[in-house]
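Student: what follows is a predicted structure for the sequence shown.
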Amino acid sequence: METSVLPLNLCHVQKKLLILNRFYMFIHSSALLALIHYRVFGLREMMAKNEGMRLNVLVPYVLVFAAELMLCFLWLVNQGYRWRPVSREVFPERLPEDDKLPAIDVFICTADPSKEPSVEVMNTVISAMALDYPPEKLNVYLSDDGGSAVTLKAMIEAWKFARFWLPFCRKYGIKNRCPEAYFSSLDDDESNRIEFTSDKEKIEKQYEKFKERVEWIKENTSMATSKDHPARVEVINLMADSDPVDAGETMPLAVYVSREKNPSHPHHFKAGALNTLIRVSGMLSNSPYVLVLDCDMYCSNPSSARQAMCFHLDPNKSPQLAWVQFPQKFHNISDKDIYDSQIRFAFKTYWPGKDGVGGPTISGTGFYLAREALYGLANANDADLGELRKMFGPSPEFIRTALRENSSNNHVRNGEKLSTSLLQETQLLASCTFEKNSQWGKEVGFRYFSVVEDYFTGFSLHCKGHISVYFQPSKPAFLGSATTNLSEFLVQNTRWCTGLIEVALSKYSPLFYGPPRMSFLQSLCYADLAYFPFFWLPYWCLAIVPQLCLIRGISLYPAISSPYFIPFVFIFISANLKHLQEVISSGLTIKSWIYEQRMWMIKSVTCYTYGTINTIMEKFGMKEASFLPTNKADDEAQIKLYQSGVYDFRVATMFMAPICTLIILNLASLFLGGVEIFRGRNFDAMAVQAFISMFIVTVQYPVIEGMFFRKDIGRVQQSAIVLSASLALAILALGAILLPSGF
Ligand SMILES: O=c1ccn([C@@H]2O[C@H](COP(=O)(O)OP(=O)(O)O[C@H]3O[C@H](CO)[C@@H](O)[C@H](O)[C@H]3O)[C@@H](O)[C@H]2O)c(=O)[nH]1
Ligand SMILES: [Mn+2]
């Protein structure tokens, strides 16, 4: 046995951050205890004094206290990821020889060529085929949920172009292997040799031709997607005419899969598509590892496969390692990322923290997963065929591949025609009835329980004892298109919140389901993700109750002269400084801190609120689950607004109204309360409430601008303003009726 083998990867605990985090947890929680102490005693005092028993004073006090308790609880579950943040390092040069590397199946999902432009999707396909990995060990599967002829034809074109692109990349060691990104980037670090320059010109022309052909296909083929079509599996290598341009160049296997769709069968959105790919690929290549990509997430750095293998092939790794997650990064983030489209918090702060306590959750795209983990065969070792059918469905051929009883079917790549029986089998595996009476979506494959299939599948695998790893390379491995307009962003976030609340309000609620199955800290991390949409409860409350009381002169917070004023101020400052520290150590500036605060408030009163309502309606059967893919097609005017940091308020009234109502209400309370305070009444006791309104109004200033001062297309629509003003008036009137004057 060799003992001096150098490790393939290292894990570093971020010691300084760990100490800072734990110190912060300690002092912040002490201040929270002081706050609770103040509230409990305040309540007792109120009860003791007879006049204090007036319900209309007690109710606002109790509401604010309840909101604060909720915030304390959410703060508490938010600490899991702060406990032990880590970072990782890999040494791909220490990997075994190419011929000893395991094969990888790449899964790319697309659903609709009008929302997900084919050229962009094909760039993802091409960049995946061009990963720095032995091509005979790379198999790229594209799932087309729209069953669109455009996508199939475009994929054939992509494959033909890749036959030139791959040798070019290999020959010159091109680092950016997504053609669109490569040709539009200015930094050209390749050599300037004459041969290279002429080759580059040639390939660029071919790329332009490829794009033209895809455009031609789009113009001459129906762009319609269908919810009712048979299964179709095509091996692109066999379809593209195979005049051997570069004889000797091995190409990865490329397969187009469009599963059968039928309106009377649930299709489970992306999770359903991925499960079909698992089965079909099991028949055709059956690689032990799987890379999952969204159709817009191209491989920006071809090294990711080898980097991931530094974990999966580590001889010292735990046999439980199921996936290596890379961060989601985006190519279209503005310096002024006003919507926090990059989801900084998750990928820069949260995931490294989770990595220290059991591993990050699956983030939908950019992860290398061990196929076996999805089969859950560990407990089914000596299951008989009957039991296996109950798990995997009625295909003995597929079961054999899952048990790895037949060697992988490499004949497909070698140019042999797909045998009719094999083809029929894949079609059966992609049919919409195949999963009936099986464990697909439950115990096998990606889980269907929630529309955030990534979160729930990760949770489920972690509950089964698997672990995962988060790796952030210095050069981003994958780049996608983030949603950069408010409308799209709010719809997407509402979908996520709906999915998370589905889990939070179910028997899988992480604080209950997690602890017997995973560490408490890891359960906290999952709980935090599932519960954060509940922020809407305290946010609504704190945006209305203190304000109405301010107008009526009812004090809900300690006076400046009271010793309890200190913990309140401390909590506010400490929480915000911590947030600021996390923003700054993510490499951003104080501006991003304000953007995040703003979006947090906006999302709370819209996405989080509607997400909860959606889930409750689904539970009562009043609404069906849905997954509307985001729009990835560019809208020039909208991109311009985002790039210049101007909010685009062309948003459905349903989203705009809650935001505007609360802002108008806060403006009114600031004004009316301010007048009273100016008259010399009770400033000492009302200061905190005045500050809350002031804070909200200041942070949300761009919305005020959008309502009253902007004239461009992105301003808030008149109808939304009128509706919001009326709603705000109604709330004010209600306050005036229900609350006694404290002056
Ligand atoms: O019925 C569907 C719906 C979507 N998709 C594909 O799923 C991917 C993600 O969809 P997108 O519209 O980009 O949603 P996002 O909200 O941006 O996706 C994030 O959130 C999802 C969970 O809600 C995860 O699955 C994704 O990986 C993650 O990037 C895309 O490639 C779609 O083509 C399908 O294949 N079938
Ligand atoms: Mn997306």
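Tutor: The structure has been received and is ready for your questions. Ligands and ions are numbered 1, 2, ... in the order given.
Student: what are the buried residues along the longest helix seen in the chain?
Tutor: As assigned by DSSP state H, the longest helix anywhere in the chain is helix 15-48. Residues of helix 15-48 classed as buried by neighbour count (16 or more other C-beta atoms under 10 Å): 17-18, 20-21, 24-25, 28, 31-32, 34-35, 38-39, 42, 46. C-beta here means a position set from N, CA and C on the backbone, and glycine is covered the same way.
Student: same for that helix, what does it pack against?
Tutor: Here helix 15-48 is seen to pack against helix 55-77, helix 565-585 when contacts are counted using 3 or more C-beta pairs under 8 Å, 6 or more residues apart in numbering; DSSP states H and E.
Student: can you give the distance of the longest one from its chain's centre?
Tutor: With C-alpha atoms, centre = their mean, to the nearest Å as the basis, the distance from the averaged C-alpha position of helix 55-77 to the chain average is 30 Å.
Student: can I get it in PDB, CA atoms only?
Tutor: Coordinates of each C-alpha in helix 55-77 appear next as PDB, following Å, rounded to 0.1, in the frame of the first residue of the first chain:
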ATOM      1  CA  LEU A  55     -58.100  45.400  24.400                       C
ATOM      2  CA  ASN A  56     -57.400  47.900  21.700                       C
ATOM      3  CA  VAL A  57     -54.100  48.800  23.300                       C
ATOM      4  CA  LEU A  58     -53.200  45.300  24.300                       C
ATOM      5  CA  VAL A  59     -53.800  43.900  20.800                       C
ATOM      6  CA  PRO A  60     -51.200  46.000  19.000                       C
ATOM      7  CA  TYR A  61     -48.700  45.300  21.800                       C
ATOM      8  CA  VAL A  62     -49.300  41.500  21.600                       C
ATOM      9  CA  LEU A  63     -49.100  41.700  17.800                       C
ATOM     10  CA  VAL A  64     -45.700  43.400  17.800                       C
ATOM     11  CA  PHE A  65     -44.500  41.000  20.500                       C
ATOM     12  CA  ALA A  66     -45.600  38.000  18.400                       C
ATOM     13  CA  ALA A  67     -43.900  39.500  15.300                       C
ATOM     14  CA  GLU A  68     -40.700  39.900  17.400                       C
ATOM     15  CA  LEU A  69     -40.900  36.300  18.700                       C
ATOM     16  CA  MET A  70     -41.300  35.100  15.100                       C
ATOM     17  CA  LEU A  71     -38.200  37.100  14.100                       C
ATOM     18  CA  CYS A  72     -36.300  35.700  17.000                       C
ATOM     19  CA  PHE A  73     -37.300  32.200  15.900                       C
ATOM     20  CA  LEU A  74     -36.300  32.900  12.300                       C
ATOM     21  CA  TRP A  75     -33.000  34.300  13.500                       C
ATOM     22  CA  LEU A  76     -32.400  31.200  15.600                       C
ATOM     23  CA  VAL A  77     -32.900  28.800  12.700                       C
END
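Student: where's the closest residue to ligand 1 within the chain, which helix or strand?
Tutor: Going by C-beta to the nearest ligand atom, ligand 1 is nearest to Gly364 of the chain, at 1.9 Å. Under the criterion DSSP states H and E, no helix or strand holds Gly364.
Student: and the stretch 51-200 of the chain, which of its residues are near ligand 1?
Tutor: Cys109, Thr110, Ala111, Glu116, Ser143, Asp145 (C-beta under 6 Å from any ligand atom).
Student: among those residues, name the ones in strands.
Tutor: Those of these mapping onto strands are Cys109, Thr110, Ser143, per DSSP state E.
Student: so can I have TSV of those residues showing neighbour count?
Tutor: As requested, those are exported to TSV (neighbours: other C-beta atoms under 10 Å):
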residue	neighbour count
Cys109	26
Thr110	31
Ser143	25
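Student: now render the residues you listed as JSON lines, adding pLDDT.
Tutor: Below are these laid out as JSON lines (pLDDT from 0 to 100):
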{"residue": "Cys109", "pLDDT": "98"}
{"residue": "Thr110", "pLDDT": "97"}
{"residue": "Ser143", "pLDDT": "98"}
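Student: now these in a markdown table, with distance to Ile467?
Tutor: Below are these laid out as a markdown table (distance: C-beta to C-beta, whole Å):
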| residue | distance to Ile467 |
| --- | --- |
| Cys109 | 25 |
| Thr110 | 31 |
| Ser143 | 27 |
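Student: re the thing from before, pull the number of nearby residues for the residue of the chain closest to ligand 1.
Tutor: 21 (other C-beta atoms under 10 Å).
Student: surely it is in contact with Asp296?
Tutor: No. Between Gly364 and Asp296 there is no contact, the gap being 11.5 Å when judged by C-beta atoms under 8 Å.
Student: follow-up on the earlier one: of the buried residues of helix 15-48, which is the nearest to Ala149?
Tutor: Leu17 (51.9 Å; C-beta to C-beta).
Student: mind listing what that closest one touches?
Tutor: Pro85, Ser585 (C-beta atoms under 8 Å, 6 or more residues apart in numbering).
Student: hang on, the earlier thing: let me know the closest of the ones in strands among the residues of the stretch 51-200 of the chain next to ligand 1 to Glu636.
Tutor: Thr110 (23.0 Å).
Student: and the closest residue in space to that closest one that isn't next to it in sequence, what does it touch?
Tutor: Distances taken as C-beta to C-beta, 6 or more residues apart in numbering put Cys295 closest to Thr110, at 3.9 Å, once the chain neighbours are dropped. Residues in contact with Cys295, defined by C-beta under 8 Å, 6+ apart, are Ile108, Cys109, Thr110, Ala111, Glu116, Glu120, Val121, Thr124, Lys632.
Student: most neighbours, which of those?
Tutor: The contacts of Cys295, ranked by neighbours (other C-beta under 10 Å): first place Thr110, 31 neighbours.
Student: tell me the bridge partners for that one.
Tutor: When assigned by DSSP bridges, Thr110 has beta-bridge partners Asp144.
Student: just checking, it touches Met122?
Tutor: No. Counting by C-beta under 8 Å, Met122 is not a contact partner of Thr110; they are 9.7 Å apart.
Student: ok, and what's touching stretch 604-614?
Tutor: 490, 493-498, 500-501, 532-536, 539-540, 543, 623, 654-655, 658-659, 662.
Student: pull out the buried members of those.
Tutor: 490, 493-498, 500-501, 532-536, 539-540, 543, 655, 658-659, 662.
Student: contacts with ligand 1 among the residues you listed, please.
Tutor: Checking those against ligand 1 (C-beta under 6 Å from any ligand atom), the matches are Arg495, Trp496.
Student: now, the buried ones among the contacts of stretch 604-614 that are in helices?
Tutor: Judged by DSSP H, the buried ones among the contacts of stretch 604-614 include 490, 493-498, 500-501, 536, 539-540, 543, 655, 658-659, 662 as members of helices.
Student: need the max-distance pair from the residues of the stretch 51-200 of the chain next to ligand 1.
Tutor: Glu116 and Ser143 (12.0 Å).
Student: between those two, what contacts are shared?
Tutor: Joint contacts of Glu116 and Ser143 (C-beta under 8 Å, 6+ apart) are Thr110.
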